[in-house]
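> Fold the stuff below for me.
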Amino acid sequence: MDSPLESEVKHAGRLIYVIGPSGAGKDSVLREVKAALGDRVKVMRRYITRKDNEAGEGHYYVTDDEFERMKKSGMFSLNWESHGLKYGVGKEMEDELYLGNTVIVNGSREYLKKASSLFQRMEVIEIMAELPIIKRRLLTRKREAKEEIEERIERGWKRFEIPEHVDYTKIDNSGNLETAVNKIIQLLKPFK
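Have a look, this model is predicted:
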């Protein structure tokens with residue numbers, strides 16, 4: 001059998017791949033979507049080589065060495081590097097998709113092309129916010145130094161190519177969090 005890196009992963013469920021710049025509020029939106037929908041959707045918990053979990057993202061912390069071992073042993077369906085960190089989504093994602101479930105992944109824009117080649121029936125939701133709001137959010141979370149924040153902001157406004165074969169929706173999260181959450185919930189209907 002081909003590995004996911006050599007052929008498209010076949011599945012019966014819906015894969016929602018969420019992208020957006022740092023500070024757009026992806027984690028907050030996804031946390032509220034999960035709270036509102038419960039088991040009707042599966043928001044995948046990522047493996048990240050970042051210790052702090054102050055933002056409430058709820059990721060699994062792994063060391064660089066642990067991450068590399070997991071990657072080599074085929075434990076990730078998706079994996080990428082960004083801002084000096086490594087991110088992975090476990091194979092349990094594929095189990096959920098095979099069962100026909102709706103699965104949400106907080107992904108990377110730079111990895112989007114690769115991810116869409118592995119999962120061609122993927123839908124993309126881009127969460128954005130106005131620049132002054134993004135700046136304020138990044139400063140408030142106090143996770144990065146000022147230079148790192150500036151680099152994230154600059155990178156955040158770089159446009160990434162959206163593959164033609166994926167459904168794409170852009171959601172503005174500049175205002176009330178509930179508005180963005182409700183828009184995503186409407187996009188996800190009907191549920192299994």
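
> Strands of the chain, residue ranges please.
14-19, 41-43, 46-48, 60-61, 76-82, 85-90, 102-106, 122-128, 167-172 (DSSP state E).

> so which of the ones you listed gets nearest Ser28?
Smallest distance to Ser28 across the strands of the chain (C-beta to C-beta): 9.4 Å, for strand 122-128. No exception for glycine: its C-beta is placed from N, CA and C like everyone else's.

> and that closest one, what other elements does it pack with?
strand 14-19, helix 112-118, strand 167-172, helix 177-188 (3 or more C-beta pairs under 8 Å, 6 or more residues apart in numbering; DSSP states H and E).

> how close does Ala35 get to Leu78?
24 Å (C-beta to C-beta, to the nearest Å).

> quick one, which of these two is more surrounded?
Applying other C-beta atoms under 10 Å to Ala35 and Leu78 shows that Leu78 carries more neighbours, namely 25 against 10.

> Test my guess that the more buried one contacts Gly90.
No: Leu78 is not in contact with Gly90 according to C-beta atoms under 8 Å; the separation is 9.1 Å.

> Can you give me the neighbour number for Ala129?
Counted with other C-beta under 10 Å, residues neighbouring Ala129 total 23.

> And it, its phi and psi?
Ala129 adopts backbone torsions of phi -150, psi 160, taken as degrees, to the nearest 10.

> list the buried ones in stretch 92-99?
Under the neighbour-count criterion of 16 or more other C-beta atoms under 10 Å, stretch 92-99 has Met93, Glu94, Glu96, Leu97 buried.

> least trustworthy helix or strand in the protein by mean pLDDT?
Ranking every helix and strand in the chain by mean pLDDT, DSSP states H and E puts helix 146-156 at the bottom, with a mean of 71.

> Give the other helices and strands that it contacts.
If you count contacts as 3+ C-beta pairs under 8 Å, 6+ apart, helix 146-156 packs onto helix 131-141.
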